[in-house]
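**Student:** Next input, structure requested:
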Amino acid sequence: MQLVFSDAQFWEDFLPLTFTRPVAEMRCGILTFSERWQKLLDINSVSFLTEDYLQEKFRKPEDVESLFIVPNFLPEAEVLQQIKDLKLGEALVYENELLAARINMKNFSLNQIEKMTDVHEGVLFFKQPTDLFSYNEKAINFDFDLMTKGRVSAELSNTNGFLGEAQDLFIEEGASVEFSTLNTKTGKIYIGKNAEVMEGCNLRGPIALCEESKFNLGAKIYGATTIGPQSKVGGEVNNIVIFGYSNKGHDGFIGNSVIGEWCNLGADTNSSNLKNNYAEVKLWNYRTKRFANTGLQFAGLIMGDHSKSAINTQFNTGTVVGVAANIFKSGFPANLIESFSWGGMKGDEKFKLEKAYEVAELAMARRKVPFTEKDRNILKYIYAEY
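**Tutor:** Okay, here's the model as predicted:
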């Protein structure tokens, strides 16, 4: 069985995070949506229906019978079973949105669907970037149970202080946690394979520190926070999601934020997550091309892949940063920093594309990840079109 992840109409709603990936490749909780569905459905063959310029990197579906799914939701057990029980030509629909369908990808058309069943509950849908941190506690709890069921955690070293119930802490093989405090009274804590919590850290769940990532010395981590693989985090963070391969290694505060891959926040970078007048936060919406209300009082920074901030950068409440922006000028940057901005201020010139390639290649080489021609073509398209 082939699993086909569809961006449906949601791809544009998650920009700038989806400039460089399909919706299914976003991370929330412990896993990406793609990884989560593979585990839930026990299907390893995956493909994507996404934007044409991304399709070169992300595998197209084969012309075979497939389980077609819009991936950006968490299912309760009953809905998951309904998905597993779908027969060819059947589909599930939630609030007029297609959730899943069993169809043949040869001559692909949703007209193949002969029977649609409405699902009225048991679904948590993610519809915008802020949902990734707003629903992160639910996602961590969901993934924690999925990842740890029937397994035994590695032991927590007795150099640490611990508050809470032992079943709410899981430490994978090869992880190192020493001389820190961990509190699971407020939420579960997951420490991934070969991850490291350095001395003097204070962790207050729910938290997911993914494979080979690090909390640097003395870090203060409030949940619900997810740090994706091969990332480094220091200073103070509260309710953030880092997709992976990114650094916020030094002092400074980031809260209620989502950071993509291959980003670096310089020392003492701070992001406000609350306006001085406590008003609702607005964020740039790429679909409507205007700032839109989020319904949230707390919202900090949304940053696309490959973007960087210099030391002492101060982000305003509700700032959106595109892809491969280089932010280094004094003063508060604008609430919208365009992709490939060179400086971070409105009207700044663009980062030269060849230099952007060079920085991306060097950053990825540090993690021993190749910067491929497919990656180059994705950045080239974004540079030309956005």
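
**Student:** Provide a complete list of residue ranges assigned to helices in this structure.
**Tutor:** 33-41, 52-55, 77-84, 129-134, 136-148, 353-365, 373-385 (DSSP state H).

**Student:** Most tightly packed of those helices?
**Tutor:** Counting by mean count of other CB atoms under 10 Å, helix 129-134 has the highest mean neighbour count of the helices of the chain, with a mean of 23. Quick note: C-beta positions are derived from backbone N, CA and C, even for glycine.

**Student:** Could you list every helix and strand in contact with that one?
**Tutor:** Packing partners of helix 129-134 (3 or more CB pairs under 8 Å, 6 or more residues apart in numbering; DSSP states H and E): strand 236-244, strand 253-261.

**Student:** Quick one: closest of the helices of the chain to S231.
**Tutor:** helix 353-365 (12.3 Å; CB to CB).

**Student:** what about the closest one, average pLDDT?
**Tutor:** Averaging the model's pLDDT scores along helix 353-365 yields 97.

**Student:** Show residues contacting it.
**Tutor:** 245, 262, 264, 306, 308, 324, 326, 340, 370-371, 375-376, 379-380, 383 (CB atoms under 8 Å, 6 or more residues apart in numbering).

**Student:** that older thread, of the helices of the chain, which is nearest Q112?
**Tutor:** helix 77-84 (16.9 Å).

**Student:** Please state the offset of that closest one from the chain centre?
**Tutor:** 24 Å (CA atoms, centre = their mean, to the nearest Å).

**Student:** between the contacts of helix 353-365, which is nearest P61?
**Tutor:** So of the contacts of helix 353-365, ranked by how close each gets to P61 (CB to CB), first place is D375, at 21.8 Å.

**Student:** Now A267: phi and psi?
**Tutor:** Taking degrees, to the nearest 10, you get phi -50, psi 140 for the backbone angles of A267.

**Student:** For the nearest residue to P206 once chain neighbours are set aside, list the residues it contacts.
**Tutor:** Excluding the flanking residues, the one nearest P206 by CB to CB, 6 or more residues apart in numbering is G187, at 2.9 Å. G187 sits next to 137, 140-141, 168, 204-207, 223-224 when contact means CB under 8 Å, 6+ apart.

**Student:** M26: how many residues sit nearby?
**Tutor:** Neighbourhood size, M26 [other CB atoms under 10 Å]: 22.
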